[in-house]
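In: Here is a sequence together with a model predicted from it:
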Amino acid sequence: MKIIVFLNFAISLIFTLCYFYQFVYVLVGLFKKSKTFSAETNHRYAVVISARNEGDVIGNLISSLQAQTYPEDLVDIFVVADNCSDNTAEVARCAGAMVYERFNKELVGKGYALDWLFNIIKDEYAEKQYEAYIVFDADNVVAPTFIEEMNKLFDNGYRVVTSYRNSKNYGENWITAGYSLWFLREAKFLNNARMNLGTSSAISGTGFLVSAEVIDKNGGWIHHLLTEDIEFTTDCIVNGETIGYCGKAVLYDEQPTTFYQSYIQRLRWSRGFYQVFKKYGKRLAGKIFKGCFSCFDMLMTLMPAMLLTLLSVIVNVAAIPVGIFGDSTEWPMLLETLGQTVLSFFVVFLLLGGITTVTEWNQIHCSKVRKIAYILTFPLFMLTYVPISIIALFKHVKWEPIKHSVSKSISEICDGDASAKEKM
């Protein structure tokens, strides 16, 4: 049984060594003032939206884009209605977007839809001379200054820029809050810290800007793994592209509300991480030895946490029959070791959830009671990642759409605090 204790200690030590730098990120996020930028030139952008059966929500996104403080004559909105069987295309056209309908049952997924639309824009709108594209999902809505703020970083030389990812339905339940806290923590204590330290940030799903030069150089959108955002991020980093982070460009998106939806989505994410690691892991590792810290950061994002967690599960599960059929006096040590492992996990994520909630308090739009309560459920949400990551190792996973139905404008989202106070 002593070997079990030793293995758990070794796993914890390796985990600490791999991720201690993220503790430094937290300190940077807490105490270092964020960089500020200004723009001398307003650039021309094409907004690109991939939508599949999202007629319920896409109108709010287009409305929020039309309400931008940025000059409207420098922004065009394109929608690819991808394999839709509802009124997504009609709603988007009526809202003022240029809509293209795509039907392809073989090349399925957001990456293929984006590539198809990029090629259309390049062929049919060359005279517009778009300098960059801003990519959204149909369930998003954005703050009025979103494009204005993103333009500042683009004007200062960043060819890829990600934004501050918030949520439309934070306070609905512990699942939506779990997602939301993770994305807020990613924005404040990962991307913000990376930006302040001069290293590369990471794309988080949606709400990002990419230069037309990057798309042209790649020959379109070439990233088609299950997590195309992580694949794109990794591809940028290994090729020396520094991704900027704009904390003042605020985006809201919808989180899954049921555990089944969450399971399907996170299973795809977990499998996608494995795919990206398989494709880029060797190149990332090679560039680490050449002094690329962003490559180390990305490699840590992709793999060790999942592998170490899996190894910890295997070690502790393997110890159970030893306790059952071996010396009964070993049981207290086994239970204590297992309890310490689980407790450490909960404490870490309880602290991360608590710190994030405090620092981003005014950005979380729900009642005070729910804000506090969901700090306590955040570790449980993260713990459910463990079995999902294990299943993803062995299960064939394909892209499946997540139904979006939370139709809220910016004012309705931000009025959530006031509404919650009235109900208390």
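Out: Okay, I see it.
In: Helix, strand, or coil at D139?
Out: coil (DSSP: H, G, I helix; E, B strand; the rest coil).
In: these two touch, right, it and V57?
Out: Yes - under the criterion of Cβ atoms under 8 Å, D139 makes contact with V57 at 4.7 Å. (Glycine included, C-beta is placed from N, CA and C.)
In: who touches both of these two?
Out: Contact with both D139 and V57 is made by residues 254, 404, 406, according to Cβ atoms under 8 Å, 6 or more residues apart in numbering.
In: Of the residues you listed - the most surrounded one?
Out: The most crowded member of these, judged by other Cβ atoms under 10 Å, is E254 (25 neighbours).
In: these two touch, right, that one and V57?
Out: Yes - the pair E254 and V57 qualifies as a contact (Cβ under 8 Å) at a distance of 7.1 Å.
In: Is I62 located within a helix, as I assumed?
Out: Yes - assessed with three-state DSSP, I62 lies in a helix.
In: Let me know how buried it is, in neighbour terms.
Out: Burial of I62 is recorded as 23 neighbouring residues (other Cβ under 10 Å).
In: so it makes contact with G96?
Out: Yes - counting by Cβ under 8 Å, I62 touches G96, with 6.2 Å between them.
In: Between these two, which contacts overlap?
Out: Common neighbours of I62 and G96 (Cβ under 8 Å, 6+ apart) are I77.
In: can you dump the C-alpha coordinates of the helix or strand where S294 lies into PDB?
Out: Here S294 sits within helix 293-302, counting by DSSP states H and E. The C-alpha trace of helix 293-302 is given here as PDB (Å, rounded to 0.1, in the frame of the first residue of the first chain):
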ATOM      1  CA  PHE A 293       7.400  29.500 -23.700                       C
ATOM      2  CA  SER A 294       4.100  29.700 -25.600                       C
ATOM      3  CA  CYS A 295       4.700  26.200 -26.900                       C
ATOM      4  CA  PHE A 296       5.200  24.900 -23.300                       C
ATOM      5  CA  ASP A 297       2.100  26.700 -22.200                       C
ATOM      6  CA  MET A 298       0.100  25.200 -25.100                       C
ATOM      7  CA  LEU A 299       1.500  21.700 -24.500                       C
ATOM      8  CA  MET A 300       0.400  22.000 -20.800                       C
ATOM      9  CA  THR A 301      -3.000  23.100 -22.000                       C
ATOM     10  CA  LEU A 302      -3.400  20.100 -24.200                       C
END
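In: That helix packs against which elements?
Out: helix 2-31, helix 228-238, helix 259-288 (3 or more Cβ pairs under 8 Å, 6 or more residues apart in numbering; DSSP states H and E).
In: Neighbouring strands - and their directions - for the strand of greatest length in the chain?
Out: Taking DSSP state E as the criterion, the chain has its longest strand at strand 244-253. Paired neighbours of strand 244-253 in the sheet (DSSP bridges): strand 141-142 (antiparallel), strand 160-167 (parallel).
In: how about those strands, which one is nearest W269?
Out: Closest to W269 of those is strand 160-167 (Cβ to Cβ; 14.4 Å).
In: got the buried residues for the closest one?
Out: Across strand 160-167, burial judged by 16 or more other Cβ atoms under 10 Å covers 160-167.
In: can you check stretch 29-37 too?
Out: For stretch 29-37, burial by neighbour count (16+ other Cβ under 10 Å) applies to 29, 34, 37.
In: Surely the second one is in contact with M195?
Out: Yes - S34 sits in contact with M195 when judged by Cβ under 8 Å, with a separation of 7.3 Å.
In: Need the overlap of contacts for those two.
Out: Shared contacts of S34 and M195 (Cβ under 8 Å, 6+ apart): G247.
In: which residues sit against stretch 342-356?
Out: Contacts of stretch 342-356 with the rest of the structure, by Cβ under 8 Å, 6+ apart, involve 12, 26, 30, 181, 184-185, 188-189, 374-376, 378-379, 382-383.
In: Which stretches in the stretch 1-150 of the chain count as strands?
Out: According to DSSP state E, counting those that start in this stretch, the stretch 1-150 of the chain carries its strands in the segments 45-51, 75-82, 98-102, 132-137, 141-142.
In: Can you tell me the strand partners of the longest one and which way each runs?
Out: I take that to be strand 75-82. Sheet pairing for strand 75-82, assigned by DSSP bridges, gives strand 45-51 (parallel), strand 98-102 (parallel).
In: Make a markdown table out of the ones you listed and add distance to G111 and mean neighbour count.
Out: A markdown table is the format used below for these (distance: least, Cβ to Cβ, whole Å; neighbours: other Cβ atoms under 10 Å):
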| stretch | distance to G111 | mean neighbour count |
| --- | --- | --- |
| strand 45-51 | 9 | 25 |
| strand 98-102 | 12 | 17 |
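In: Go through stretch 305-318 and flag the buried ones.
Out: Within stretch 305-318, the residues that count as buried by 16+ other Cβ under 10 Å are 305-309, 311-312, 315-316.
In: Of the residues you listed, which is the nearest to S411?
Out: Nearest to S411 among these is A305, at 38.2 Å by Cβ to Cβ.
In: Report the mean confidence score over the helix or strand hosting that closest one.
Out: In the assignment (DSSP H and E), A305 maps to helix 304-325. Across helix 304-325, pLDDT averages out at 70.
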